[in-house]
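Student: I would like the atomic coordinates for the input below:
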Amino acid sequence: MAGHSKWAKVKRTKGVLDVRRGKVFSRISREITISAKSGGGDPAMNPRLRTLLLKARDANMPADNIERAIRKGTGDLPGVAFEELTYEGYGPGSVATIVKVTTDNKNRAAADVRAVFTRFGGRLAGAVAFQFLHAGQFLVSREGTTEDALMEAALEAGADDVITTPEGFEVRCGVHAFDRVSHALEQRGIRTENAEIAYIPRVTVPVTDIEVARSTARFHEALEELDDVQEVFSNEEMDDAVSAAAHG
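Tutor: Model prediction:
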């Protein structure tokens with residue numbers, strides 16, 4: 001399942017972080033601003049903001065950038081008004097795709113996303129989300145915790161499941177339990193490799209053709225290069241050899 005494995009994507013993202021650091025900072029800043037606007041600028045009172053501050057720290061985001069993003073959200077500094085949107089469609093090989101966008105211009109965002117879908121032979125559609133579980137997702141490495149300790153902390157906080165994988169552990173929870181689970185893991189000193197409200201595939205589409213796999217990888221990269229795009233979720237499934245060839 002290397003093609004849609006969140007662990008695999010996290011590793012690839014960390015591998016190119018240095019060359020895309022400015023774009024990563026911009027995306028985190030937007031999320032921080034939105035979080036501060038909706039829940040306030042005090043991390044002690046805003047669990048979502050606490051999670052984002054950990055994300056910013058892991059990306060080595062400068063403190064000044066973080067402070068500006070918070071103050072824009074609270075209204076202490078002038079800033080543009082962002083809104084969060086999602087677009088659904090099918091990419092190369094009929095792979096179901098959901099694109100999460102944070103933008104100050106939804107007409108521009110829609111046009112840019114549609115153009116990438118069209119360029120790679122895909123199309124926007126309105127019946128894709130049912131193929132995904134919309135849930136909180138935490139990826140936890142085996143270093144610094146045990147399965148028993150993680151299960152105790154996560155399930156007590158309202159998580160639905162803790163899945164053991166070769167790479168580590170995956171915690172899933174309802175969207176409304178995300179902040180509680182995040183806070184519980186933080187309180188226990190359990191660090192996450194990635195934490196987000198995700199679209200997790202319920203069913204997958206096998207991709208065995210190398211050219212389709214490469215086209216899918218380029219499609220994802222083109223979407224992620226768009227300034228307004230925060231995250232791309234899809235349901236392709238590739239074995240390790242096909243995935244390596246696609247991203248090589």
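Student: and the residue of the chain most remote from its centre, what is it in contact with?
Tutor: For the chain, the residue at maximal distance from the C-alpha centroid (Cα atoms, centre = their mean) is Asp76, at 27.9 Å. Counting by Cβ atoms under 8 Å, 6 or more residues apart in numbering, Asp76 makes contact with Gly41. Every C-beta, even on glycine, is put in place using the N, C-alpha and C of the backbone.
Student: likewise Arg71?
Tutor: 36, 41, 77.
Student: Checking Met45 next. Helix, strand or coil?
Tutor: coil (DSSP: H, G, I helix; E, B strand; the rest coil).
Student: That one contacts Ser38, correct?
Tutor: No: taking contacts as Cβ atoms under 8 Å, Met45 lies outside contact range of Ser38: 11.9 Å.
Student: Does the residue farthest from the centre of the chain fall in a helix, a strand, or a coil region?
Tutor: Here Asp76 is coil, with the state taken from three-state DSSP.
Student: And the helix or strand harbouring Ala154, how far out from the chain middle?
Tutor: Counting by DSSP states H and E, the element that carries Ala154 is helix 147-156. What separates the centre of helix 147-156 from the centre of its chain is 23 Å, taken as Cα atoms, centre = their mean, to the nearest Å.
Student: what do you get for stretch 73-91?
Tutor: The answer for stretch 73-91 is 15 Å, by Cα atoms, centre = their mean.
Student: Okay, now the unreliable bits of this protein?
Tutor: 1-5, 7-20, 248 (pLDDT under 70).
Student: can you map out the strands along it?
Tutor: Listed in chain order, the strands of the chain (DSSP state E) span 83-90, 96-103, 123-124, 132-140, 159-164, 169-173, 194-201, 205-206, 229-234, 236-237.
Student: Can you add mean neighbour count and give the ones you listed back as JSON lines?
Tutor: What follows is these, written out as JSON lines (neighbours: other Cβ atoms under 10 Å):
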{"stretch": "strand 83-90", "mean neighbour count": "17"}
{"stretch": "strand 96-103", "mean neighbour count": "23"}
{"stretch": "strand 123-124", "mean neighbour count": "14"}
{"stretch": "strand 132-140", "mean neighbour count": "20"}
{"stretch": "strand 159-164", "mean neighbour count": "16"}
{"stretch": "strand 169-173", "mean neighbour count": "23"}
{"stretch": "strand 194-201", "mean neighbour count": "20"}
{"stretch": "strand 205-206", "mean neighbour count": "17"}
{"stretch": "strand 229-234", "mean neighbour count": "22"}
{"stretch": "strand 236-237", "mean neighbour count": "24"}
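Student: Domain boundaries for this protein, per the record?
Tutor: Residue ranges for each domain of the chain read 6-74, 83-129+205-236, 131-201, as given by automatic domain parsing.
Student: what about the longest one, how long is it end to end?
Tutor: The one in question is domain 83-129+205-236. The first residue of domain 83-129+205-236 is 28 Å away from its last residue (Cα to Cα, to the nearest Å).
Student: what's the answer for stretch 118-129, then?
Tutor: So stretch 118-129: terminal residues 19 Å apart, Cα to Cα.
Student: list the buried ones in that stretch?
Tutor: 120, 122, 124, 128 (16 or more other Cβ atoms under 10 Å).
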